[in-house]
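S.K.: model this:
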Amino acid sequence: MSGSARPREGSPRRRPLVRAAAVLCALVLTGTACDGGVHGTPGGSGLRDPYFPRAGNGGYDVGHYALTLDYTPADRRLAATAVVTARATRGLSAFDLDLTGLRVEKVTVDGKDARWNRTGQELTVRPHDDLRAGETFRTTVRYSGTPQTLTDPDGSKEGWLRTADGALGLGEPVGSMAWFPGNHHPSDKASYDITVTVPRGLEAVSGGEPAGRSTAGGRTTFAWHAPEPMASYLATVAIGHYGMARTTGPHGLPVITAVDPAEAAAAGPALAKIPGVLAWAEGRFGPYPFSSAGAIVDRPGDAGYALETQTRPVFPGAPDTSTLVHELAHQWYGDSVTPRGWQDMWLNEGFATYAEWLYMEDHGGRSAQQAFDDLYRGHDDSLWDFPPANPPGAAFISGTPVYGRGAMVLQKIRQKTGDRAFFALLRGWAAARRHGSASTADFTAYVGGKAPGVDFSQIWKVWLYGEGKPSRP
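M.R.: Residues are numbered from 1 along each chain as shown. Below you'll find the model as predicted:
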């Protein structure tokens, strides 16, 4: 469905012409021929990310998502309402939200019916009234259907995954658009309230802290509140039979875990390490950036990978210590400090991999330098396939160089600066970009600014952006 432009004032003799123009504009949602009295312009249908050019949208910044979901695993049907509160960054006559699959039933903007249409993953909305630059507006989308499981360019599955007893929502890089409409690019972060209703006997788990539960008519509703800014790919919902536990971490931090009963025995010892790992990480990276922590452990067949969903990482079975450290380190690097674009993924994965090296070094294992040397001398040639800061395409943003060679970049910086300055850089970077987003250029500028007189140019040229294996470690 699409909407017409606002008719201009005119004499009675011109009204038939105006009505004809209105009919034409009803067939085309946007376009200069229909802009008449419109003061804004349509928002962009993508942010031109080099790897996912259709992801995200221009013209507005989201501040909050309120998602109300009702899901029945037996028939896989989702009935939902999303309320997206955003600020227009320019005058808008229309704007886009990312949503794939599902059937849109109604859209309103600030309580007034809005016209909309669908093209691929784009839900294009024309509000009843134009939006002024700086104006905060609230878009409500009512939708339903069977959420899709998406296949990434690298072949992994994301979106809405069917599990043995429910469902799991995973969003990296663009899977969240399979279960709620939004501005699905990591550069736009927002707070969340997620309310999920499921058949009685099941749990519905998300990030943040629990905000209430109630049961009526054979169905239970769970509310979760995530107050800190979050990129949409870090949002999650896990529905199924879970054993829930709550303990505390550093400074009384709530640590909430949800474990599939089939994994309880194996996962218990690993999850018991969470408070200690968080305390160690605070010593290395600075204060924990969120109001709660924890984990979701599903069965290995439900998801083929661990993911750093904000405050409550998802694990496919009981995690080993290195994986636990990796995903918890992401709460600083990736979740609090989020990549500005998908090209900057090494700022997530290189840092989290380096955290594994540091944890081993601090707990009686090999040093980070030994880990570096072993990797350099190893036989995994895929490590040198491309520079960590310049993956050749969307299928490679989680490739081996992004992880291993990204960590090697940090060790090279440590060699240059010495330990005292290096660990100050790690803590300072997490603090300077807390709850924000950053690019590789932001990071290199930050390092150079905090270590005046130190020449990092060869590290950037050879290790961060250089092709092939460096001749010397």
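S.K.: which residues touch residue 398?
M.R.: The neighbourhood of residue 398, defined by Cβ atoms under 8 Å, 6 or more residues apart in numbering, consists of 154, 156, 345, 349. C-betas here are computed from N, CA, C, even on glycine.
S.K.: I believe the last one is in a helix; please confirm or correct that.
M.R.: When you say that, I think you mean residue 349. Yes - counting by DSSP: H, G, I helix; E, B strand; the rest coil, one finds residue 349 located in a helix.
S.K.: pretty sure it is in contact with residue 400, am I right?
M.R.: No - Residue 349 is beyond contact range of residue 400, at 9.8 Å (criterion: Cβ atoms under 8 Å).
S.K.: thinking again about what came up before, let's have the contacts of residue 398 in a markdown table, adding secondary structure.
M.R.: Listed next are those as a markdown table, based on three-state DSSP:
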| residue | secondary structure |
| --- | --- |
| 154 | coil |
| 156 | coil |
| 345 | coil |
| 349 | helix |
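S.K.: Which residue ranges of the stretch 251-400 of the chain form helices?
M.R.: 264-271, 274-285, 321-329, 346-362, 368-377, 400 (DSSP state H, counting those that start in this stretch).
S.K.: any idea how far the fourth one is from the chain center?
M.R.: Yep, that's helix 346-362 we're talking about. 20 Å (Cα atoms, centre = their mean, to the nearest Å).
S.K.: ok, now the third one?
M.R.: On the basis of Cα atoms, centre = their mean, the separation between the geometric centre of helix 321-329 and that of its chain is 18 Å.
S.K.: That one packs against which elements?
M.R.: If you count contacts as 3 or more Cβ pairs under 8 Å, 6 or more residues apart in numbering; DSSP states H and E, helix 321-329 packs onto helix 274-285, strand 293-298, strand 314-316, helix 346-362.
S.K.: Check which residues of the first one are buried.
M.R.: Of the residues in helix 274-285, 274-275, 277-278, 280-282, 284-285 count as buried by neighbour count, 16 or more other Cβ atoms under 10 Å.
S.K.: would JSON lines of these with pLDDT and distance to residue 333 be doable?
M.R.: Listed next are those as JSON lines, based on pLDDT from 0 to 100; distance: Cβ to Cβ, whole Å:
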{"residue": "274", "pLDDT": "98", "distance to residue 333": "17"}
{"residue": "275", "pLDDT": "98", "distance to residue 333": "20"}
{"residue": "277", "pLDDT": "98", "distance to residue 333": "14"}
{"residue": "278", "pLDDT": "98", "distance to residue 333": "14"}
{"residue": "280", "pLDDT": "98", "distance to residue 333": "15"}
{"residue": "281", "pLDDT": "98", "distance to residue 333": "10"}
{"residue": "282", "pLDDT": "98", "distance to residue 333": "14"}
{"residue": "284", "pLDDT": "98", "distance to residue 333": "11"}
{"residue": "285", "pLDDT": "98", "distance to residue 333": "8"}
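S.K.: circling back: most tightly packed of the helices of the stretch 251-400 of the chain?
M.R.: Of all the helices of the stretch 251-400 of the chain, helix 346-362 has the most neighbours on average by mean count of other Cβ atoms under 10 Å, namely a mean of 23.
S.K.: Next, the angle from that one to helix 274-285.
M.R.: 110 degrees (axes from the mean of the first three to the mean of the last three Cα atoms, to 10 degrees).
S.K.: can I get the CA coordinates of helix 346-362 in PDB?
M.R.: What follows is helix 346-362, C-alpha atoms only, in PDB (Å, rounded to 0.1, in the frame of the first residue of the first chain):
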ATOM      1  CA  TRP A 346      38.300  -7.400  13.700                       C
ATOM      2  CA  LEU A 347      37.700  -4.800  16.400                       C
ATOM      3  CA  ASN A 348      35.300  -7.500  17.800                       C
ATOM      4  CA  GLU A 349      37.000 -10.700  17.100                       C
ATOM      5  CA  GLY A 350      40.600  -9.700  17.300                       C
ATOM      6  CA  PHE A 351      40.100  -8.200  20.700                       C
ATOM      7  CA  ALA A 352      38.100 -11.200  22.000                       C
ATOM      8  CA  THR A 353      40.700 -13.600  20.700                       C
ATOM      9  CA  TYR A 354      43.400 -11.600  22.300                       C
ATOM     10  CA  ALA A 355      41.400 -11.800  25.600                       C
ATOM     11  CA  GLU A 356      41.800 -15.600  25.300                       C
ATOM     12  CA  TRP A 357      45.500 -15.200  25.100                       C
ATOM     13  CA  LEU A 358      45.600 -12.800  28.000                       C
ATOM     14  CA  TYR A 359      43.500 -15.100  30.200                       C
ATOM     15  CA  MET A 360      45.900 -18.000  29.500                       C
ATOM     16  CA  GLU A 361      48.900 -15.800  30.300                       C
ATOM     17  CA  ASP A 362      47.400 -14.700  33.600                       C
END
